[in-house]
Structure formats: C-alpha cells, structure tokens
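S.K.: Return a 3D structure for these sequence lines:
(chains A and B)
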There are 2 protein chains.
Amino acid sequence: MMRNIALMQSRVTALGATLRPHVKTSKCIEVGRLQRDAGARGITVSTLKEADAFFAAGFDDITYAVGIAPQKLDRVLALRRAGCRLTVLVDSLAGAQAVVDKGRTDQHAFDVLIEVDTDGHRSGVGPDDDLLIDIGEILRQGGATLAGVLTHAGSSYGLSTPAALQAMAEQERAGCVRAATRLRAAGLPCPVVSVGSTPTALSAQSLDGVTEVRAGVYVFFDLVMANVGVCAPQDIALSVLTTVIGHQPDKGWAITDAGWMAMSRDRGTQAQQRDYGYGAVCDAAGTLLDDLVVSGANQEHGIVARRDGTADPDIVRRFPVGTRLRILPNHACATATQFDAYHVRDADGTTQVWHRFHGW
Amino acid sequence: MMRNIALMQSRVTALGATLRPHVKTSKCIEVGRLQRDAGARGITVSTLKEADAFFAAGFDDITYAVGIAPQKLDRVLALRRAGCRLTVLVDSLAGAQAVVDKGRTDQHAFDVLIEVDTDGHRSGVGPDDDLLIDIGEILRQGGATLAGVLTHAGSSYGLSTPAALQAMAEQERAGCVRAATRLRAAGLPCPVVSVGSTPTALSAQSLDGVTEVRAGVYVFFDLVMANVGVCAPQDIALSVLTTVIGHQPDKGWAITDAGWMAMSRDRGTQAQQRDYGYGAVCDAAGTLLDDLVVSGANQEHGIVARRDGTADPDIVRRFPVGTRLRILPNHACATATQFDAYHVRDADGTTQVWHRFHGW
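M.R.: Purely as a prediction, here's the structure:
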C-alpha cells in the first residue's frame, strides 16, 4: 500500500497537478492520513458518511463527487457551517437550481463543480454542450460559487493496452480543459479542473490545464486493475484471509469459509482477458498460487479450484482442513466494504487493526 | 414480511416438520423474534458473529450450518460453555477429527451434524458414501455427540418450474433420510434430519423422515426467488429507497444514488428467465414500474432505464431530479448486508429502525 500511494503521488506531481485521493476505496482515516502525508491535497468522497467521518478527523477540504440530491443539501450545509469546505457536484439545470434555491433559503453560497462527460460513461454534460454555460449562469446568478469542472473517465476500466489508456487519459484531459475554457470564455469562473480514474491517472502523458487528479482504487489495486494493466497481481495490497473447511476430492475442490459475503459479488474480471472467478488464490504468506482461482462462491463458502477447469487430484493433501489461504479481490472497493476493519501488516510483521466505515 | 414468515411457517408445519430459520438473510434480532413468535424452533446461522448476537438476545438453540474450521472451535466452545446449544457441521474425516481432538483437549462433547450432499451443489458427503459412517464412528468414538444429518439443496436456485422444484425437494428429502437411515443401521444415533432451502421448502410435497427445515431468504424474498417461481415481485419485502440525481436524456437514463454499494454486485437474475439488471424499479409507494430496471451500476450511481433497451424520451419529465424510487433486489441477503439498519414500515405507515449485524 505504501508503494502504491507513493507511485500515484509521484506520477501526478511529476505532471504538475495535485492529487485529491478518492477515499471511497478505503473508507479509513488512517489510510487517508498516509495519502495526505505523501502529498495529497484534499480528499474526494462518494457519500456524506465519508465526509462526516473524515471531517471529524480533521480533513476539511472535501469534494463530494456524486451529483447532489436536493434532499442532501441540509447535511451538506451543516458540514459547511461547521467549517468543512465541502464542494458539491451538478450536471443539470434542475440540480443547479436546487442548490441555488437552498442557498437562497439559507443565505449560503455553496461551492459547486459542474460534472463534465468526457467518455459517455455515465453522468455529466458534454464539453461542447450549451447546457454547460447555462448551468454555470444559473449558479453564478443564483449566488453559488462556481468552483470549476470535474470529469471521470470511468470507461477506462474497460481498456487494457497502454495506447488505449493513454488516449483515454488525453480524451479525459482535453474534454475537461475544453469545458473549463468555454466557461471562462463565457465570463464564468473555473478555478478547478479536476480529472481522474486510476487507469487514466497512471497513463496520462500530460495534464496541461488540469489542476487536480482524483483516483481511488490505486491505494490497494485489485485484479481488475491488473487486467487493465496498471498494476501486477503482486502490487495488490488487500487480501481476504480464509480457512479451508472441506473438500470435494473428485471435483478437485477445496472449500473455504470466504464466500461472496467476504469477497463481494463483484465479477469484474469476468469480461476481461483473465477471469479470476471470485478472486486469485495465495498461500498465507501472500505468494500467488497461479494455477488456482476461487471458481465459485456462496454466501459463506468459496470454492478453490484450478483455473483451467481440470480437477487437482492432490487438492486434499495440498490444502488440508484448517489451511489458511489469502484471496486477492476482483474489486478492492467492493471487497473492502464487506469488512468493518483492516488488519494492517507492517514491514516487521506486526499487525494493527484500522476501522473502516460502512453505510451512508 | 409478516406474510412471508406466516407462509413458510404454515407450509413446514403442515408437513409435520419444525422450522429453523436461517438468520443470515436478515442478521436482525427483531426479525428473528418475529419468526420465533410465528412458531420457529431454533435458528440457523452462517457466521459465529450471528451466533454471538442471537445468543446475547436469548436465542440458545443455534445450528452453525457452515463446515467448521478448526480455528473457530474456541469461539464455539465459549458459546457452548455460556449455555448456548450451538451445533457444528462437518463433512470430512479431518473436520470430525479436529472436533474430537478439541473436545478431548477441553473435556467437552460438541454437538455435531454431518453434512450430506444431495445435489452435487457444494459441500457434504454422499448419502451412500462409506465416508458417512466413518465420520459418524470418529465422532462417536471420540466422545462427540452425533446430532444427525443436514443437507442444503442449493442447486434449487437454478430451477424455475414447479415440477423441477418438487423433484428437487424430494431428492433433498430422500437423500437426507437415506443418510440418516444408514447411520442408524450402523448403530449410530441420528436424531436430527435437517433439510432446506427456500425453493425446496416451499415446493416439498412430503417431509417424511425429516425433523426440521431450514430456510432464509423467504423472509424478504427477492427477484431471484421470483424467477425461480416461489414468490411474486409484489411479495418482496425489502427495497432500497433512492433519489434521482440526474439524467442522460438522449439515452433515456435517470441516474440515481443507489449504485452497487447499495444494491450489491449480485447479478443473480442475469442467467434467469428475466434479467432485472441490478434491480426492479418501483415508485416511492412500492408500485412496480415494470418497463424499467436498474440497467447499470457504479459504486454510488445507478442507471434506471427501460428494460427493453429503448430510450424513454420522457425520462426527465417522468422522474425529475429529487424523485424518490424504490429498488427491489436481485438477492436480499447480498443487498441487506450493504446496510447497517432496516427502516421498517408498519401497516399504519409508521417507521422503526432495526439494527443489523455486519462482519464475522
């Protein structure tokens, strides 16, 4: 994890932007502090629960990077009035109007980013859409503080070659800078130009015009990211420790007590070049056992079997009942949320327990 | 939920068995009490955390229906010595030996069930396998209390016709009774004959020779169970309340704040006759909007779109920013665990908050 934190920080710094880590992956104060100590400026959150918890721990520069629901503005206002510089996100006239209306009612100027769609992935306004300027005007005229533009090239998760990733990073950068340029040309302020996803952040060749990068999953990495090509399985800093509880010798199965409740139902590697089932298998020391995967999972049962589908005739002797294994996750954000704490191993082998949040 | 509880209880009672609900679905004391009040006898758990919590709330007859890891026997012993009749499960000589060894070391006779495999789904010993008797002998000679046999026809989740479900229920019953008969013929005790899964429990025509039925997901039901055919979508007692936060009008998408973190990554309906994406869509009052599904999900974003893939040109007017919707889950166990509490609606519209556990 420390290597992953240093890697992302050095890449973003080298390209002249600041890093605002997305804490949705870890939901853990101690991890956020390590990212800050490494040079991060501010954090990104996916829920107001994360904002509450990190603000209580002294993080006061927070971007809530999910389009704001009008019903959440009371909680946003409470955090802001308590001293948290919490910025919200809109991508519609209705969203902007709701923020403006709440600001008028409560005599408050919210900090607002406009979400820009640079890859057709999900949310946001096209960089060349007239709507972008219209939203900016509603915010300015309504007394909100237009903080800038934000984009997330989530479709980068579907790529797997350096050339495609570099092209997507450039598309994300150029689209977001284009939106900022148009707002400024219309006489609107746009101090923040925020881009990011782990794959594009690690692939960008230039961040010209970008002020900050957001990324989350890099802190742990996972098998999806290994398939994308931005890490190796050995870089994955999160694993689930499990125990063999039985076998089906004829099928070559070892049954473990890490099912989908532990690994999550995420099957993000299913459509990728290498399908890891519900996770990659390591011995207790963390050495990858590359012939195996978690081929199936029920709520509290995992099936460890050969990746090629053949039956290992030696499965019982190889992994007797009681054997400990470590499973690497498809998707770190999804697996981590199944647990209330991390057991953090230091270089000297000592273990600390770090709490993580759950819920909204 | 009250209807679902009454339905299962009446079906099992009518066939002459007792019901031991699996609390892994709700992980909620209040729900367990309602099942007990309706006639349930004892509970089934999937984790020792559930056992701890339910025992602390006065439930003292608990079956831990996951093959025991030797490392967990200390926690089991502590619960038993505190007065909890906690029964463990084995399906191997090594597992049985571990229980026997622990019992010798600590001068304790554990209650042990042998897991029987009646459908090739996952764990267990074949009803006609010599191993069954060998395990029974190890337990008896080692001083453990052989409590009986237990099976779970998990492959019933893959069926969808009454005839196939009835046949699987009979296969589950007959296989488990056969195992009990063989143990008894070998001079071993077998007081408990425990079968169950929600689909087979609701499809069984006979439970002759069975003493108890275990079932879990029926308490809420879900879209997977609707596809199996043992409930209707209108019977589903669990939903996620979400808010529209934006749109992609050209694509006919409404974007909500219920992504996979809220719904879970479970895509259990993907391979079934009707694929509900990440969930079925209802209005805030719970009326099914049958043309829609949650067609995609990111961590905190859901995409509501037409099930047939066409774009609804009216999506913005139909569901303005701020609109509340309810999403029915593919898999109740997976969705519920994403939350720390239930907001329980009474018939009169009042709401209570019931806590649920998380973790192990």
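S.K.: where do the helices sit along chain A?
M.R.: A:2-14, A:29-37, A:48-56, A:73-81, A:93-106, A:130-141, A:162-185, A:198-201, A:223-228, A:260-263, A:315-318, A:332-336 (DSSP state H).
S.K.: Number of residues surrounding A:Pro191?
M.R.: By other CB atoms under 10 Å in any protein chain shown, the residues close to A:Pro191 number 12. Quick note: C-beta positions are derived from backbone N, CA and C, even for glycine.
S.K.: Please report how far the nearest residue to it once chain neighbours are set aside lies from A:Leu89.
M.R.: Among residues not flanking A:Pro191 along the chain, A:Gly148 sits closest, at 5.3 Å (CB to CB, 6 or more residues apart in numbering or on different chains). Counting by CB to CB, to the nearest Å, the separation of A:Gly148 from A:Leu89 is 11 Å.
S.K.: Likewise for A:Ile5?
M.R.: A:Ile5 is 25 Å from A:Leu89, by CB to CB.
S.K.: circling back: in the sheet, which residues pair with the residue nearest to A:Pro191? Tell me.
M.R.: Following DSSP bridges, A:Gly148 is listed with bridge partners A:Leu113, A:Val192.
S.K.: my guess is it meets A:Thr211, correct?
M.R.: Yes: assessed by CB atoms under 8 Å, A:Gly148 is found in contact with A:Thr211 at 7.5 Å.
S.K.: So those two - more neighbours on which side?
M.R.: Neighbours per residue, other CB under 10 Å: of A:Gly148 and A:Thr211, the larger number sits with A:Gly148, 24 against 20.
S.K.: list the contacts for the nearest residue to A:Ser239 once chain neighbours are set aside?
M.R.: For A:Ser239, ignoring the flanking residues on the chain, the nearest one in space by CB to CB, 6+ apart is A:Arg326 at 4.0 Å. Counting by CB atoms under 8 Å, 6 or more residues apart in numbering or on different chains, A:Arg326 touches A:Ser239, A:Val240, A:Leu241, A:Thr242, A:Val281, A:Cys282, A:Asp283, A:Ala284, A:Gly286.
S.K.: Now do the same contact list for the fifth one.
M.R.: Spelled out, it's A:Val281. Applying CB under 8 Å, 6+ apart, the residues near A:Val281 are A:Leu288, A:Leu289, A:Leu292, A:Val293, A:Val294, A:Val304, A:Leu325, A:Arg326, A:Ile327, A:Leu328.
S.K.: Looking at those, which are in strands?
M.R.: Under the assignment DSSP state E, these contribute A:Leu288, A:Leu289, A:Leu292, A:Val293, A:Val294, A:Val304, A:Leu325, A:Arg326, A:Ile327, A:Leu328 to strands.
S.K.: returning to that earlier point: touching both of A:Gly148 and A:Leu89, which residues are there?
M.R.: Contacts common to A:Gly148 and A:Leu89, judged by CB under 8 Å, 6+ apart, are A:Leu113, A:Ile114.
S.K.: Around chain B, pick out the residues from the stretch 251-360 of chain A.
M.R.: Counting by CB under 8 Å from any CB of the partner chain, the residues of the stretch 251-360 of chain A close to chain B are A:255, A:257, A:260-262, A:264-267, A:296, A:298-301, A:303, A:320-322, A:331, A:333-334, A:337-340, A:358-359.
S.K.: now these: which count as buried?
M.R.: Burial by neighbour count, 16 or more other CB atoms under 10 Å in any protein chain shown: within those this picks out A:255, A:257, A:260-262, A:264-267, A:296, A:298-301, A:303, A:321, A:331, A:333-334, A:337-339, A:358.
S.K.: Give me the subset of those lying in strands.
M.R.: Using DSSP E, the subset of those located in strands is A:Ile255, A:Gly296, A:Ile303.
S.K.: Closest one of the residues you listed to chain B?
M.R.: Taking CB to the nearest CB as the measure, chain B sits nearest to A:Ile255 out of these, at 5.4 Å.
S.K.: Show me chain A divided up by domain.
M.R.: A:2-221, A:239-328 (automatic domain parsing).
S.K.: possible to save the ones in strands among the buried ones among the residues of the stretch 251-360 of chain A next to chain B as CSV with pLDDT?
M.R.: Listed next are these as CSV, based on pLDDT from 0 to 100:
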residue, pLDDT
A:Ile255, 98
A:Gly296, 97
A:Ile303, 98
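S.K.: quick one: which of these is nearest A:Leu131?
M.R.: A:Gly296 (46.3 Å; CB to CB).
S.K.: Setting aside sequence neighbours, what's the nearest residue to the closest one?
M.R.: Residue nearest to A:Gly296 in three dimensions, not counting chain neighbours: A:Ile303, with 4.1 Å by CB to CB, 6+ apart.
S.K.: now swap in A:Ala204 and tell me
M.R.: Using CB to CB, 6+ apart and skipping residues adjacent in sequence, the residue nearest A:Ala204 is A:Ala169, 4.0 Å away.
S.K.: Give the residue farthest from the middle of chain A.
M.R.: A:Asp250 (40.2 Å; CA atoms, centre = their mean).
S.K.: who's in contact with A:Leu159?
M.R.: A:Leu165, A:Met168, A:Pro199, A:Val228.
S.K.: sorry, that was for A:Gly209
M.R.: A:Gly209 makes contact with A:Arg173, A:Cys176, A:Val177, A:Ala180, A:Thr181, A:Val193 under the criterion CB under 8 Å, 6+ apart.
S.K.: Got the phi and psi for the closest residue to A:Arg178 other than its chain neighbours?
M.R.: Counting by CB to CB, 6+ apart, A:Pro127 is the residue found nearest to A:Arg178 once chain neighbours are left out, at 4.2 Å. The phi/psi pair for A:Pro127 (degrees, to the nearest 10) reads phi -60, psi -30.
S.K.: Report the mean confidence score over stretch A:122-139.
M.R.: The average of the pLDDT scores along stretch A:122-139 is 97.
S.K.: Could you find the closest non-adjacent residue to the spatially most central residue of chain A?
M.R.: Closest to where the C-alpha atoms of chain A average out (CA atoms, centre = their mean) is A:Gly216, at 3.4 Å. Sequence neighbours aside, A:His22 is the residue nearest to A:Gly216 in space, at 3.1 Å (criterion: CB to CB, 6+ apart).
S.K.: and that neighbour, what does it touch?
M.R.: Residues in contact with A:His22 (CB under 8 Å, 6+ apart) are A:Ile43, A:Thr44, A:Val45, A:Ser46, A:Ala65, A:Gly196, A:Arg214, A:Ala215, A:Gly216.
S.K.: can you count the residues close to the third one?
M.R.: Counted with other CB under 10 Å, the burial measure for A:Val45 works out to 25 neighbours.
S.K.: Just the pLDDT for it.
M.R.: A:Val45 carries a pLDDT value of 98.
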